[in-house]
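**Q** Predicted structure and sequence below. I'll ask about it afterward.
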Amino acid sequence: MTTATVAPVTPAPQTAKGTMPVAGHLREASRRGIRAAVALLIGVVVGFWASDQILEVLRSPIEQIAQSQDASLNYDTVTGAFDLKLKIALFTGVILSSPVWLAELFAYVTPGLTRRERRYTFGFLAAAIPLFAAGCAFGFLLFPHMVEMLAGFSSTEESTILNAGYYVDFVMKMVLAIGVAFVLPVFVVVLNLLGLLSSRTLRRSWRAIVVVIVLFSALVTPAADVLSMFLVAAPMSALFAAAVLITHLHDRQLERRQPCSV
């Protein structure tokens, strides 16, 4: 009697639950990248349309200086005025579209995180966006006083002739640096909540962190003067100190919750 041999059926490979193939990751990144690019493009168009009004705001401290001495903005090339409008439009577009491209970035990353990490990440996003906007607004309020203070070192008999491109770079980089400085403490606190950074480590490394802050301030301030660097480094250092205090309180609370060993 002949017995038929049945070949074992090999189960088809299945994708683990909660995972996505490489092609799916690429499609997801492309879809979210297109949304972020569209938001950036809309922001740039709005920035280009409002560039004249923004330039008027940027020019206001120069007009204040011109009341006591000869002061003006100048272009060193034929295309200087158009290049300046594009620069203002791009910078404005990045700021206006930041909620969208930040949200798309976090939405792409969060599926690979745990529920606890996802909660902290969205908390960081909810705090970072308004803090970044508040920091940029603070920078716009600060820069006229800063420009008048720096220009005040020259004599009233001298002329202050500023390159428009250099001047706008100075203001925008300072505004961006202050916006980043406002977000810095939230980032440090989130790392502490995730258990990746302890308050003790921060306190031990405070000297190195202050040096990094000073170097960062020197890079983002195009002016080669100590005052500009100090005006950026001082609030960043103060916000870092506040973050260290919050992480210290959080670590102490965790230590109290741990059962005491007999």
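**A** Great, that's in hand. Keep in mind it's a predicted model, so treat the numbers as computed, not measured.
**Q** Now do residue 85 against residue 48, distance only.
**A** Taking Cβ to Cβ, to the nearest Å as the measure, residue 85 and residue 48 are separated by 6 Å. Every C-beta, even on glycine, is put in place using the N, C-alpha and C of the backbone.
**Q** Sketch out the strands for the stretch 101-250 of the chain, chain order is fine.
**A** 160-163 (DSSP state E, counting those that start in this stretch).
**Q** Which stretches in it count as helices?
**A** Applying DSSP state H, counting those that start in this stretch to the stretch 101-250 of the chain gives helices spanning 115-151, 164-193, 199-204, 206-220, 226-257.
**Q** Can you tell me which helices and strands the last one packs against?
**A** So that's helix 226-257. Judged by 3 or more Cβ pairs under 8 Å, 6 or more residues apart in numbering; DSSP states H and E, helix 226-257 is in contact with helix 115-151, helix 164-193, helix 199-204, helix 206-220.
**Q** One more: the first one?
**A** In terms of contacts (3+ Cβ pairs under 8 Å, 6+ apart), helix 115-151 is packed against helix 51-66, helix 98-109, helix 164-193, helix 226-257.
**Q** let's go with 10 Å and repeat that
**A** Other helices and strands packing on helix 115-151, by 3 or more Cβ pairs under 10 Å, 6 or more residues apart in numbering; DSSP states H and E, are helix 51-66, helix 80-96, helix 98-109, strand 160-163, helix 164-193, helix 226-257.
**Q** Now distance to residue 142, mean pLDDT and mean neighbour count too, for the ones you listed, in JSON lines please.
**A** Formatted as JSON lines, the helices and strands packed on helix 115-151 follow (distance: least, Cβ to Cβ, whole Å; pLDDT from 0 to 100; neighbours: other Cβ atoms under 10 Å):
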{"stretch": "helix 51-66", "distance to residue 142": "11", "mean pLDDT": "83", "mean neighbour count": "16"}
{"stretch": "helix 80-96", "distance to residue 142": "16", "mean pLDDT": "88", "mean neighbour count": "17"}
{"stretch": "helix 98-109", "distance to residue 142": "20", "mean pLDDT": "77", "mean neighbour count": "17"}
{"stretch": "strand 160-163", "distance to residue 142": "18", "mean pLDDT": "76", "mean neighbour count": "15"}
{"stretch": "helix 164-193", "distance to residue 142": "7", "mean pLDDT": "81", "mean neighbour count": "20"}
{"stretch": "helix 226-257", "distance to residue 142": "7", "mean pLDDT": "82", "mean neighbour count": "16"}
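**Q** To residue 137, which of the ones you listed lies closest?
**A** Residue 137 sits nearest to helix 164-193 of all those, at 8.7 Å, using Cβ to Cβ.
**Q** That closest one relative to helix 51-66, how many degrees between them?
**A** 110 degrees (axes from the mean of the first three to the mean of the last three Cα atoms, to 10 degrees).
**Q** How far does helix 164-193 sit from its chain's centre?
**A** 5 Å (Cα atoms, centre = their mean, to the nearest Å).
**Q** what's near enough to touch the most centrally placed residue in the chain?
**A** Most central in the chain under Cα atoms, centre = their mean is residue 180, positioned 4.2 Å from the mean C-alpha point. Going by Cβ atoms under 10 Å, 6 or more residues apart in numbering, residue 180 touches 131, 132, 135, 136, 187, 216, 220, 232, 236.
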